[in-house]
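> need coordinates for the below:
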Amino acid sequence: MEKIIHRANSRGYANHGWLQSYHTFSFANYYQPERIHFGALRVLNDDTVKGGMGFGQHPHDNMEIVSIPLQGALEHKDNTGRHERILSNDVQIMSAGSGITHSEFNASKTEPVNFLQIWVFPKLRNIQPRYQQQTFDPADRHNRLQTVISPEANSGVLWINQDAWFSLGQFDAGQNLELTPALPGQGSYLFVLNGQLEVAGEVLQTRDAIGIWDYENVKVNITAPTELLRIEVPMLS
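Numbering: from 1, shown residues only. Model prediction:
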């Protein structure tokens, strides 16, 4: 098994006043050549936006873009006519494909919104842009991983244009997990939203992360009440 550790305090940080953003991987003015991507996982930004503020219309292409609100709500508009509100326990995915323009604003004028924006390299390029959003019951992730994104169409969760899976979990202290890859050549990226766990000989705490690959199974011991995001992706060269 191979592994890489990304501690919370090693992330890039940008404070724009209206936006505070932590970058796990190189992004914008934060550049670290050894932290460009983990396999097909290209961006994991931990953003907090002040009330009434947000990202104006801007373009994307050929990227799978996932937004997961952790606190508060986002308002999304795009050039396909979509106008949606994304709440806690919602997950949004957008295939930028051949090109899409969108905006994301804090849906509140007064309260901050904290959300993860995650980019994954696509499997097929220049597909027709598309948008999906779904609400997931947090009770279904108590002491287990709840799949929210899958490459399997019509699976009851959001579809992604890549051999990738996203799962969320909320665990009590003392719980244990055993992770196995869904496909050969896959890696898992574990991001601790809050709490503490032990995996692969490492102790991870809030906003720490570990990437593991070349493994058949790995055990995770939950040592404090913990919320966890697992992203499984192909390990691209």
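
> how near is residue 207 to residue 137?
25 Å (CB to CB, to the nearest Å). (Each C-beta comes from the backbone N, C-alpha and C, glycine too.)

> those two: who's more crowded?
Between residue 207 and residue 137, counted using other CB atoms under 10 Å, the more crowded position is residue 207 (17 against 9).

> list the contacts of the more buried one.
8, 11, 22, 46, 191-194 (CB atoms under 8 Å, 6 or more residues apart in numbering).

> now do the same for it: helix, strand or coil?
Secondary structure assignment for residue 207 (DSSP: H, G, I helix; E, B strand; the rest coil): coil.

> now the most centrally placed residue in the chain, nearest residue through space, not along the chain?
Nearest residue to the geometric centre of the chain (CA atoms, centre = their mean): residue 118, 4.4 Å. Nearest residue to residue 118, sequence neighbours excluded (CB to CB, 6 or more residues apart in numbering): residue 66, at 4.3 Å.

> cool, residue 199 as well?
Spatial nearest neighbour of residue 199, chain neighbours left out: residue 220 (4.6 Å); criterion: CB to CB, 6+ apart.

> so what strands line up beside the strand ranked longest in the chain?
For the chain, the strand that runs over the most residues, judged by DSSP state E, is strand 218-234. Sheet pairing of strand 218-234 (DSSP bridges) gives strand 165-171 (antiparallel), strand 176-179 (antiparallel), strand 186-199 (antiparallel).

> for those, could you give me JSON lines that also reports mean neighbour count and mean pLDDT?
Below are these laid out as JSON lines (neighbours: other CB atoms under 10 Å; pLDDT from 0 to 100):
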{"stretch": "strand 165-171", "mean neighbour count": "22", "mean pLDDT": "98"}
{"stretch": "strand 176-179", "mean neighbour count": "14", "mean pLDDT": "96"}
{"stretch": "strand 186-199", "mean neighbour count": "20", "mean pLDDT": "98"}
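
> and the residue nearest to the centre of the chain, what are its bridge partners?
residue 44, residue 66.

> how close does it sit to residue 192?
For residue 118, the distance to residue 192 - CB to CB - is 15 Å.

> residue 70 too?
In terms of CB to CB, residue 70 sits 12 Å off from residue 192.

> now do the SS call for residue 139.
Following three-state DSSP, the label given to residue 139 is helix.

> so who does residue 144 touch?
Going by CB under 8 Å, 6+ apart, residue 144 touches residue 169.

> same deal with residue 71?
Applying CB under 8 Å, 6+ apart to residue 71 gives the contacts 88, 112-114.

> switch those residues over to a markdown table; also include neighbour count.
Conversion of the contacts of residue 71 to a markdown table gives the following (neighbours: other CB atoms under 10 Å):
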| residue | neighbour count |
| --- | --- |
| 88 | 15 |
| 112 | 16 |
| 113 | 26 |
| 114 | 16 |
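
> among those residues, which lie within strands?
Using DSSP E, the contacts of residue 71 in strands are 113-114.

> redo the contacts of residue 71 as TSV? Include pLDDT and distance to residue 173.
Formatted as TSV, the contacts of residue 71 follow (pLDDT from 0 to 100; distance: CB to CB, whole Å):
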residue	pLDDT	distance to residue 173
88	93	23
112	96	29
113	96	29
114	97	24
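
> farthest-apart pair in the contacts of residue 71, please.
88 and 112 (12.8 Å; CB to CB).
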